[in-house]
Structure formats: structure tokens, C-alpha cells
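Participant: build me a model from this:
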Amino acid sequence: MRHNKKFNHLGRKKAHRDAMLANMTISLIMHKRINTTVAKAKALRIFAEPIINRAKKDDMANRRLVFSYLQNKEAVKELFGVVADKIAERNGGYTRILKTGNRLGDNAETCFIELVDFNEAMLKDKAEKKAPKTRRSRSKKAAPAAEAPAETAE
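Facilitator: Reported below is the predicted structural model:
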């Protein structure tokens with residue numbers, strides 16, 4: 001029976017799966033956005049977010065722990081440098097999955113997975129939406145407008 005076994009094996013053995021997820025995490029950190037299938041993206045989110053969370057506290061223990069997973073010096077530098085500055089105030093949810101449709105060859109669901117704080121288009125939309133909204137009242141604006149033509153007629 002499959003009780004309490006939620007991990008997606010992705011049709012690979014453990015060593016292959018760990019290597020693939022580590023390589024995808026390196027690509028995500030370096031390029032800030034990658035294109036993949038939805039199943040791999042969901043597995044990558046589970047793998048990458050705890051690693052990204054380690055970058056909030058920049059000390060030797062966290063750097064060594066992240067390097068043990070990734071095995072890439074440039075990715076660790078990027079993670080603890082540029083990425084850590086952007087995610088410092090965020091409490092989780094460092095990645096976003098945007099579905100892009102099905103792949104032509106095998107009809108697999110594809111998507112983008114990206115780091116949330118690095119998408120300039122969505123950040124601009126969020127900044128525009130933060131403008132304060134004013135409530136309109138018909139009674140206040142309608143009353144002076146109705147009185148003005150009445151006064152000029154008399």
C-alpha cells in the first residue's frame with residue numbers, strides 16, 4: 001500500500017533524481033527562471049525552497065550545507081549574494097510556477113518556475129496596484145454639478 005508516501009519519484013532512481021534536482025536548482029539560481037514540466041517543477045520547489053531559505057543567514061555552516069547539495073561554487077555565491085538580498089524580508093514562497101500549456105512531442109504539461117522577487121513585470125504590476133483607491137460618492141459630486149446649471153439659468 002502507498003500510505004503516507006507523497007514524494008514524486010519522477011521515474012528515476014534516487015541518485016539520478018537528486019542529481020537532476022540539484023542541477024535544476026543551480027539553473028534556477030543562476031538564470032532566475034527555467035522552463036520544465038509541471039511535475040518536475042513541483043518536485044523542484046520542494047527541493048529548492050529549503051536551500052534558498054538557508055541563504056537568509058550567511059554563515060559558514062549554511063554555506064557548507066548548501067554546497068553539499070549543489071556542488072557548484074558560482075551558484076552558492078549567487079545564492080548568498082544577489083538572491084539573499086532580495087529574499088531577506090520574505091517568509092517563504094520563493095518560487096512561482098506559471099503553466100504554459102502542453103508540449104507538442106509528448107503532451108506533457110510545461111511551465112516556468114521562477115524566483116518570485118526577480119520577475120520585473122509582475123513587480124511593476126504589484127507596484128501599480130498599490131496606489132490608494134478613492135471611494136466615489138454620487139451624492140456629493142452630483143449636487144454641485146446640478147446646482148451650477150440651475151444658478152446660471154436664473
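Participant: measure D117 to T100 for me?
Facilitator: D117 is 21 Å from T100, where distance means Cβ to Cβ, to the nearest Å. (Each C-beta comes from the backbone N, C-alpha and C, glycine too.)
Participant: and the two? Which one has more around it.
Facilitator: Per other Cβ atoms under 10 Å, whichever of D117 and T100 has more neighbours is D117, with 18 against 12.
Participant: tell me which residues touch that one, please.
Facilitator: 86-87, 90, 94, 123 (Cβ atoms under 8 Å, 6 or more residues apart in numbering).
Participant: buried ones among those?
Facilitator: The neighbour-count criterion (16 or more other Cβ atoms under 10 Å) marks 87, 94 among the contacts of D117 as buried.
Participant: tell me which of the contacts of D117 fall in helices.
Facilitator: Assigned to helices by DSSP state H, the following of these qualify: 86, 123.
Participant: widest-spaced pair of the contacts of D117?
Facilitator: Taking Cβ to Cβ, the two most distant members of those are Y94 and L123; they sit 14.4 Å apart.
Participant: quick one on the thing from earlier: which among the contacts of D117 gets closest to E49?
Facilitator: Of all those, Y94 has the smallest distance to E49: 5.6 Å, by Cβ to Cβ.
Participant: what are the boundaries of the strands in this structure?
Facilitator: Along the chain, the segments classed as strands by DSSP state E run 33-37, 95-102, 109-115.
Participant: tell me which of those strands is the most buried.
Facilitator: Here the criterion is mean neighbour count by mean count of other Cβ atoms under 10 Å, and of the strands of the chain the winner is strand 109-115, at a mean of 18.
Participant: mind checking how far it is from the chain centre?
Facilitator: Offset of strand 109-115 from its chain centre (Cα atoms, centre = their mean, to the nearest Å): 9 Å.
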